[in-house]
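*Asks:* can you look at this prediction? I've put the sequence above it.
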Amino acid sequence: MNEKSKPKYTVPQNVWWMVKIAWKTRKRVLVFCVLTAALEILYNLSQLYIAPEILRRVEEHAGMETLLGTILFFTAALFVTLGLKDYIVQNTMFPRVDVRSVIIGMIGYKCNTTSFPNTLDADFIKLRDKAHTACDNNREATELIWQTITLLLQNAGGLVIYLTILSHLDLTLMAAVVVTCVVGFLIARCSDNWMFAHREAEEVYYAKKKYIRGRSESVEMAKDIRIFGLQQWLSELLDNVHDVYLDFRLKAERVRLLSDITEAVMTAARNGIAYVYLIHMALAEGLSVSEFLLYFTAVTGFTEWVMGILQQAEKLHKQSLDISCVREFLEYPEPFRFEGGKPIPAADGYELKLEHVSFRYPGAEEDTIRGLNLTVHPGEKLAVVGLNGAGKSTLIRLLCGLFDPTEGRVLLNGADIREFNRREYYDLFSAVFQEFSILDVTVAENIAQTSTQIDHDKVRDCVEKAGLTKTIAELPDGLDTHVGREVYLDGVLFSGGQTQRLMLARALYKDAPILLLDEPTAALDPIAENDIYLKYNSMTAGKTSVFISHRLASTRFCDRIIFIADGRVAEEGTHESLLAMGGAYAKLFEVQSRYYQEGKEF
Amino acid sequence: MKEKKNTESASQESFLHGNTSKASLAPCLHGNTISRALAVHLRAGKLLAGISPRFFTVMTLYAVVDALAPYAAVFFSAQILKELALLRRADVLWRWVTACVACTGAFAVLKSFLYQREETLFDDLYGRKEILFAKKMFSMDYADMDKQETHDLREQIRESENWSSWGMMRVPQVYEYGLKSITGIAGGIALTVSLFTSPVPASAGWLTALNSPLFIFLLAALMVVVSLLAGVCNVKSISYWSSASEDATFGNRLFGFFGFIGLKKDRGTDIRIYNQQNLVSAYWGKNRSFSGDGVMAKLAMGPMGIYSGLGTCISVLITGSIYVFTCLKAWAGAFDVGSITQYVGAATAMTESIFNLTALLGILKTNAGYLDTTFRFLDIPNAMYQGSLTTEKRSDRQYDVEFRNVSFKYPGSELWALKDVSIRFRVGRRLAIVGENGSGKTTFIKLLCRLYDPQEGQILLNGIDIRKYNYRDYMNIFSVVFQDFQLLSQPLGSNVAGSASYDEEKVRRALTDAGFGDRLETMPDGLNTQLYKDFTENGVEISGGEAQKIAIARALYKDAPFIILDEPTAALDPIAEAEIYGKFDEIAGDKTAIYISHRLSSCKFCDEIAVFDEGRIVQRGTHEELVADEAGKYHELWSAQAQYYTE
């Protein structure tokens, strides 16, 4: 999307943003940056001077005490700086993780609360993925930036000190050294850019390898692999994806090699220049061995500071781009109203009305819902039936405000729902969708959707109504057992049917005035399904409810059935009136019930 | 140790960890532990060398060149300094400078070539060694595959690698490390021999004591002792990590689940309607294992950090001692100041090699444990492959299969999933299996297809226990469409045939028979159309119903004598369902067909129905017979559904 367009924030703005978060979260992050840089410079200086200073004492044949004293001094300096440096490095990770966690928390909040259509928006998804990548692990921008800042401080400090040490050497020498650095850096950057440009290609190779391996090792696939003898095919695919990756990797190798070899040549050139210059000086001006050694080491060290600044500035620039993505994601515009808005009117019953509603998915060529008019009356039990793809689930999402219509309006007791605070509007609905989110928290928390203030009696009551009491009783910790194995290894894995019941219990616990059920019994066996149908009346007592099913039989206990085809209400009425009409509904029912009629032949 | 090189390994599992893979070391290793550790490394090494022999060749060359390069630099710069210290002959100086620049430059270039090739081959091997695990997974007995234990073991191997790269890929690093250290020590000795052989002249008085060979041992002993001490400190420091590893992996799981939950598309609706952000942030906040006020952070401030710092800076003691010894000798006139740099440089490089070598012993021992885990997985026996009888190819499809008093429990379960089941399949007939969830229907199929062997009773093929047949041969007589059938994100045709190459005509016919014919016409690349977008972006997404038809086509393509459909219409709407039902008889042809369904309407097709309840077959007969028995299970199931359709 905005790979080519300018990032919204500059490097200083992003650094400042990170510093502010660190200041609020853990000030230590910043202190450690400065401290590490300072210790690194001190350690470097001890290393620079140790050999020349000791050599000078030997050269001058100074007294034994002076010689030993010098050795002791520098050894102690190295000992202390090295030890402290390592000690601090051991401590840097934790506060940095805190800062990154805060940012991940911000991204997570945005993901989980953003307007639903955003979650289907390609631009949003791309930014979201970039934002997540920037926080993925401690080698990514939101944590690595501290290391980059440390190194920049350290290299800048080092550079200034070395410039004073080398100040009475010829400027042309320094210029030549800088040139070799810049050439090496530029070639390395070309190679990095190549790698960066091909990063997506590389990710694709990884994804392919991961996919084939994952499938080969998956339990779900295991039966099919054995019955259909897919081992041979999978082995070929496995070899194949790795061969293709090796080809790519060899190409990448050539690019990396180019930069390595340039670096080697530039280093040799730099050393050559330094030797020639310093030996000339030694022969002409009688430079001592220790001075020669000091200058030679300092020239080499100087190049490292220059290189370091170039490299770290480049890194900071890249990290800033990533951080800019994070910020753009966090500031992504919200089409829904989440702040302010009219209060939801208190009422005994709610009427939902769709007025000439059309809806088209972003990027789709046709409308999924076309000019649909529908009123769901307070307290009504409405059934929605239709073939796969007729738009039933989309209709439900429009009703509960997960989508806004492309044309037309959705009205709650006569008011456009866009005028309300959307989060408060969601409070009106208890829903069981086909796709769901059961969290790896306890059973009770999943039902109550909170970890504090759980009404345990109400939970037990809902569990009973959803027919889960026996299942829960058999769990080791009952309602406090964790669901799923992704977080708690002793969690319970529910079957499809049990999961559906759990979702039902959750919907009952929420006890909202409007109940939406999208095929809530698909995973249940006939007896269990029937059991739910029988309870449906008591569950929906006093509520407005919308029930979707492609099993027509299940809709008969509803007050009204609408049959959806091509995004419109094709037929509506009661089961009996629809059958009498002899239209599409009747035909569909005939097909399904054929097998249940006694005495018919096939 | 070399940094973890492969970007691929930086999976989501390891988001929070630093590179904590510092060398650990146990100073007092018993001889037999070392030899055992070496043996298991050798085994793993051979396995890896079998995958990529080139890698080991390149790595050997690289290790030697890399270990010797620093000594070249030390040697040549020392020669220049020596000349400067004494005679300062211009021509000699220029000769040494040329040699120095040329030689170190050549080393650097050669090293680049070897390093890059080694990296490439390492990345390649890193991926390819996974094939070993993948192949093990799809060739082991299904019973093992289905065990949580197996997956835990596999996960443990994977986590060790992601967490701190322990396991298989440490083996090449151990090899490289060992080789570098030994070469490095040899190079160091070569450049320091003259340090000991150049005598202090007699005129230096008491300093001639420095000529004693005792100093060789003193310095060597100092290097070893200090390197061991550093090792002890590092082990101490690292041990705090492993003590927290359980807490850490839990923290990581919490982090991975609650931190990234918004990425999961299916969760989007519930998250909003039920405002799950509240719960998510409550749990997210519980993740303190790496926090700045967590236990690990406190340890890092205290003993963990101190031990680590000490382990690092203690090596300076060696540097200091070498300076003292060398400078005193030079001061006393044994050699010039230029030589000091050679000796100090060489000894410092050698010290590093010794440190690495002692650290290697610790790594070797620790990694042996991880390799044991790896081999525990790779050595899981394949028990089902022991039968040897071949099933003869019969054109008349007279495969007579019988269950005789079969009982079965899942491993680790107390309950019988099947109890005392006896049934004989009539060749060429249709059998329906019905029952509530959990009544044993799918388990029955799993036993029939020998995904499991029963604990009691026998399953016979043409009168012989199926365990006596060759496993692959036996599998060949079954085509199954499981409820949770799986297709690969690969070309449509390959999915039907289960192989990369296939008989196009036959595949088309199977797809048409399965009711996919019309859809096939609209597939952009016909049979070559990639299914799903997991493998390539050009893939075509198909609906659940379409996938089911492809799975049925796959079963037809195999053309096995038994065709088994496990709830084949669950994902279909009424019209599609009716289509499959109508065709079922035709599809099955002269095959023996077994049909499992929740929707009892399907049973009316079948010649016989077996009703399962709590692991037993409680009723058998035709639909008419069974529905007539009003006290029976079948009647109960039937009425539950039919009441909505019969007026």
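*Replies:* Cool, the structure landed. Note that the structure is predicted; figures quoted are calculated from it, not measured. Residues are numbered from 1 along each chain as shown, chains lettered A, B, ... in the order given.
*Asks:* flag the shaky bits of chain A, pLDDT-wise.
*Replies:* A:1-5, A:522-523, A:525-526, A:550-551, A:553-554, A:595-602 (pLDDT under 70).
*Asks:* ok, now which ones touch whichever residue of it sits closest to chain B?
*Replies:* Here the residue of chain A nearest chain B is A:Cys111; by C-beta to the nearest C-beta that distance is 2.5 Å. No exception for glycine: its C-beta is placed from N, CA and C like everyone else's. Contacts for A:Cys111 were tallied using C-beta atoms under 8 Å, 6 or more residues apart in numbering or on different chains; they are A:119, A:128, B:261-263.
*Asks:* buried members of these into PyMOL, please.
*Replies:* Buried members of these can be picked out in PyMOL with the line below, counting by 16 or more other C-beta atoms under 10 Å in any protein chain shown:
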select buried, (chain A and resi 119+128) or (chain B and resi 261+262)
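*Asks:* among the contacts of A:Cys111, which are located in helices?
*Replies:* Mapping the contacts of A:Cys111 onto helices (DSSP state H) picks out A:Arg128.
*Asks:* redo the contacts of A:Cys111 as CSV? Include distance to B:Asp590.
*Replies:* As requested, the contacts of A:Cys111 are exported to CSV (distance: C-beta to C-beta, whole Å):
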residue, distance to B:Asp590
A:Thr119, 51
A:Arg128, 55
B:Ile261, 52
B:Gly262, 53
B:Leu263, 50
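*Asks:* phi, psi for A:Phe336 please.
*Replies:* In terms of degrees, to the nearest 10, the main-chain angles of A:Phe336 are phi -90, psi 160.
*Asks:* my guess is A:Ala586 meets A:Leu578, correct?
*Replies:* Yes: with contacts defined as C-beta atoms under 8 Å, A:Ala586 counts as touching A:Leu578 at a distance of 6.3 Å.
*Asks:* what about the two, which has more around it?
*Replies:* A:Leu578 (24 against 17; other C-beta atoms under 10 Å in any protein chain shown).
*Asks:* element containing that one?
*Replies:* Here A:Leu578, judged by DSSP states H and E, is contained in helix A:575-581.
*Asks:* and that helix with chain B, contact?
*Replies:* No: Helix A:575-581 stays clear of chain B (C-beta under 8 Å from any C-beta of the partner chain), getting no nearer than 9.1 Å.
*Asks:* looking at chain B, which helix or strand is least sure?
*Replies:* Across the helices and strands of chain B, the lowest-confidence element by mean pLDDT, DSSP states H and E is helix B:574-588, at a mean of 69.
*Asks:* now do the phi/psi pair for the nearest residue to B:Phe444 once chain neighbours are set aside.
*Replies:* In space, and not counting its chain neighbours, B:Phe444 is closest to B:Leu418: 6.2 Å by C-beta to C-beta, 6 or more residues apart in numbering or on different chains. Here is the backbone geometry of B:Leu418 (degrees, to the nearest 10): phi -130, psi 140.
*Asks:* B:Tyr410 versus B:Leu418, what's the distance?
*Replies:* Per C-beta to C-beta, to the nearest Å, B:Leu418 is found 10 Å from B:Tyr410.
*Asks:* count the residues that sit near A:Ala473.
*Replies:* Other residues lying near A:Ala473 total 10 when counted by other C-beta under 10 Å.
*Asks:* what of A:Phe547?
*Replies:* Using other C-beta under 10 Å, A:Phe547 is surrounded by 24 other residues.
*Asks:* middle-most residue in the chain, spatially?
*Replies:* Just so you know, I chose chain A. The centroid of chain A falls nearest to A:His132 when counting by C-alpha atoms, centre = their mean (3.5 Å).
*Asks:* oops, wrong one, chain B.
*Replies:* Closest residue to the average C-alpha location of chain B: B:Arg158 at 4.7 Å, with C-alpha atoms, centre = their mean.
*Asks:* so where does the residue of chain A closest to chain B fall, helix or strand?
*Replies:* Element membership of A:Cys111, judged by DSSP H and E, is helix A:64-113.
*Asks:* next one: that helix to chain centre, how far?
*Replies:* 28 Å (C-alpha atoms, centre = their mean, to the nearest Å).
*Asks:* kindly report the same for stretch B:117-135.
*Replies:* With C-alpha atoms, centre = their mean as the basis, stretch B:117-135 stands 11 Å off its chain's centre.
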